[in-house]
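K.L.:
One predicted model, sequence on top.
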Amino acid sequence: MSGLSFDPDAIRALAKILRETDLTEIELVENESRIRVARSMPAQQVVQAVSAPAPVAPAAVPAAAAPAAPAASDEVTAATPGAVTSPMVGVAYLSPEPGAAPFITIGGRVAQGQTVLLIEAMKTFNQIKAPKAGTVTRILVDSGMPVEFGEPLLVIE
């Protein structure tokens, strides 16, 4: 590791890119050197930012009342009964590999401890298991979607 040297200006530049693009993570790899800059945003702040404009838009534009279904999924929080939240920052995957059947479907039954999705973090696929048996009523993420710590992923009732 004695050969590693990082330019503080390069790290500051990567951090600036994170802020400007609303990304949560950037990783650069060159030969044996790796620079990873990551930030996390509390899930509640993201939900509040999405929820706050919603009441204003329908009042200003009557046609905006049509997408009521997506707004309902935004209302799911970590406190929602049956909500399964992300234990880490990463990328969610709904199936074990591309082209394979998904682990879960809306209306499908799951057993306690059954794998419901994967979260890739630092090139490791982590199984997210159902905390209880029940029926999947909502899936709040798409495959390949970045997720934050504490973010609701699905609802089991």
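P.N.:
Received the coordinates, thanks.

K.L.:
C-alpha from now on. contacts and neighbour counts both.
P.N.:
OK.

K.L.:
Give me the spatial nearest neighbour of residue 155, chain neighbours excluded.
P.N.:
residue 83 (4.4 Å; Cα to Cα, 6 or more residues apart in numbering).

K.L.:
where's the one you found relative to residue 141, distance?
P.N.:
Residue 83 sits 12 Å away from residue 141 when distances are taken as Cα to Cα, to the nearest Å.

K.L.:
any idea how far the residue nearest to residue 155 is from residue 154?
P.N.:
Applying Cα to Cα, the value for residue 83 to residue 154 is 6 Å.

K.L.:
repeat for residue 138
P.N.:
Applying Cα to Cα to residue 138 and residue 154 gives a distance of 5 Å.

K.L.:
Residue 104 now?
P.N.:
Counting by Cα to Cα - residue 104 and residue 154 are separated by 10 Å.

K.L.:
More neighbours: the two, which one.
P.N.:
Neighbours of residue 104 and residue 154, each counted by other Cα atoms under 10 Å, are more numerous for residue 154; the result is 23 against 19.

K.L.:
Specify the beta-bridge partners of the more buried one.
P.N.:
Residue 154 has the following beta-bridge partners by DSSP bridges: residue 84, residue 139.

K.L.:
Surely it touches residue 81?
P.N.:
No. The pair residue 154 and residue 81 does not pass the contact test of Cα atoms under 8 Å, sitting 10.8 Å apart.

K.L.:
ok, which stretches of this protein are helices?
P.N.:
Using DSSP state H, the helices assigned to the chain run over residues 8-21, 43-51, 53-60, 68-74.

K.L.:
Spell out, range by range, the strands that occur in the chain.
P.N.:
25-30, 33-38, 83-85, 90-93, 109-110, 115-121, 124-129, 134-139, 145-147, 152-156 (DSSP state E).

K.L.:
Mind putting those into TSV with distance to residue 19 and mean pLDDT?
P.N.:
Conversion of the strands of the chain to TSV gives the following (distance: least, Cα to Cα, whole Å; pLDDT from 0 to 100):
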stretch	distance to residue 19	mean pLDDT
strand 25-30	10	72
strand 33-38	10	73
strand 83-85	25	93
strand 90-93	18	94
strand 109-110	39	95
strand 115-121	20	93
strand 124-129	25	92
strand 134-139	28	95
strand 145-147	16	94
strand 152-156	23	94
